[in-house]
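Engineer: what follows is a predicted structure for the sequence shown.
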Amino acid sequence: MKFIYYKPFPQAIEYIKEWEKDNNIEVEVSSNKFDYKEIEKLSAYDGLVLTTIKELEEDMYQKIADQDIKQIALTSVGFDKIDLDKANESGLVITNTPDYSPESIAEFTIMSILKLLKNDNKISRNIENKNFRFTDEILGESIRDKTVGIYGLGTIGFLVAQSLKAMGAKVISYTPHPKGYARNTVEFVDDFNELLEKSDIITIHSALVDENYHQFDKKAFSKMKNGSYLVNIARGGLVNTKDLLDAVDSRKIKSVALDVYENETGIFTHKNPSYDDDIFDRLLSNPNIIITNHIAFFTKTAIKNQVYLSLDSVKEVLETGDSKNRINKN
């Protein structure tokens with residue numbers, strides 16, 4: 001067998017070579033953009049791994065299948081760029097890489113919350129300007145006794161909840177599928193508005209689906225506590241960014257930490273990207289917003305697990321016809 005792995009992170013190469021050696025299967029690495037020209041080459045391979053992709057054109061799924069490829073393995077948890085219906089029609093098995101390092105993302109979330117409460121962004125800017133005074137704008141808050149609302153309580157959300165509770169916070173959650181084992185740590189609320197109204201801090205850990213696109217918008221922000229905090233380490237499309245900026249500018253929301261942005265494609269993962277996006281520039285320049293480049297997952301453990309989980313899924317599909325990491329219906 002021979003697989004092709006498109007656009008891996010440079011840090012992933014050593015782990016791809018390790019997996020090759022462990023499994024005695026050749027994996028070719030390609031830095032090319034995955035497009036129609038690349039699809040024509042797939043007949044030389046048995047399996048396909050995609051790292052960062054834009055949305056595939058509708059006819060690409062069948063064209064991939066026509067090259068005798070049985071599956072597409074994604075190295076991410078999220079799969080909002082994939083049309084699962086088209087994949088089903090083409091007979092392709094789509095897999096993702098769940099739980100490749102939930103701890104990495106949970107730790108980044110806790111760090112982000114603490115940075116907001118301690119005004120780290122403003123302190124850092126003051127230090128850069130050699131302003132070492134103690135002023136009201138850098139007066140911090142403690143997480144103890146705060147109510148933190150978690151939107152979406154999967155594996156990552158639960159790890160965040162455990163850490164927050166250990167630090168003395170009260171943790172509540174609104175989630176479609178409450179986990180019984182979490183009830184000793186989290187108080188579940190039945191209504192999204194209740195989460196908004198009760199939380200001093202809201203942290204988002206949900207997948208992005210059609211039903212919750214722009215879940216956090218002007219209407220939602222109006223129901224949050226005055227001077228509350230928002231953290232989004234999940235998917236950019238969950239937040240209406242323009243409405244968020246308006247809420248921050250009006251001081252309805254005190255400060256925000258974002259590791260994702262709804263229009264990040266073409267910006268994040270690039271050096272000195274060329275873009276025309278006033279909303280993004282407003283995010284960068286706002287002293288009450290901390291923005292990072294979709295990097296919460298980026299640890300050695302996560303990169304290795306992404307490589308192994310994605311390649312293992314390719315091998316599993318080719319050997320059995322299915323995978324435990326399959327995300328489209330059988």
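Structural biologist: Yes, it's here.

Engineer: contacts, neighbours, all on C-alpha from now
Structural biologist: Will do.

Engineer: could you list the low-pLDDT ranges of this protein?
Structural biologist: 53, 330 (pLDDT under 70).

Engineer: doesn't Ile13 fall inside a helix?
Structural biologist: Yes. Membership of Ile13 in a helix is supported by DSSP: H, G, I helix; E, B strand; the rest coil.

Engineer: give me the number of residues near it?
Structural biologist: Using other C-alpha atoms under 10 Å, Ile13 has 15 neighbouring residues.

Engineer: look up how far Ser30 lies from it.
Structural biologist: Note on Ile13: its distance to Ser30, by C-alpha to C-alpha, to the nearest Å, is 11 Å.

Engineer: quick check: closest non-adjacent residue to Asp80.
Structural biologist: Leu208 (6.7 Å; C-alpha to C-alpha, 6 or more residues apart in numbering).

Engineer: Gln162 now?
Structural biologist: Going by C-alpha to C-alpha, 6+ apart, Gln162 has Thr185 as its nearest residue, at 6.5 Å.

Engineer: who's in contact with the one you found?
Structural biologist: Going by C-alpha atoms under 8 Å, 6 or more residues apart in numbering, Thr185 touches Ala161, Gln162, Lys165, Val171.

Engineer: I'd assumed it was in a strand, is it?
Structural biologist: No. Counting by three-state DSSP, Thr185 falls outside a strand, being coil.

Engineer: so it versus Phe268, what's the distance?
Structural biologist: 35 Å.

Engineer: tell me what the longest helix anywhere in the chain is packed against?
Structural biologist: Longest helix of the chain, by residue count under DSSP state H: helix 300-320. Counting contacts by 3 or more C-alpha pairs under 8 Å, 6 or more residues apart in numbering; DSSP states H and E, helix 300-320 is packed against helix 13-23, strand 47-50, strand 71-74, strand 93-95.

Engineer: reformat those as TSV; add distance to Arg326.
Structural biologist: Formatted as TSV, those follow (distance: least, C-alpha to C-alpha, whole Å):
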stretch	distance to Arg326
helix 13-23	20
strand 47-50	14
strand 71-74	9
strand 93-95	4
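
Engineer: which among the ones you listed is found nearest to Ala257?
Structural biologist: strand 71-74 (26.5 Å; C-alpha to C-alpha).

Engineer: so which residues make contact with the helix or strand Val148 falls within?
Structural biologist: Assigning secondary structure by DSSP states H and E places Val148 in strand 147-151. Residues from elsewhere that reach strand 147-151 (C-alpha under 8 Å, 6+ apart): 157, 161, 164, 169-175, 195-196, 198-206.
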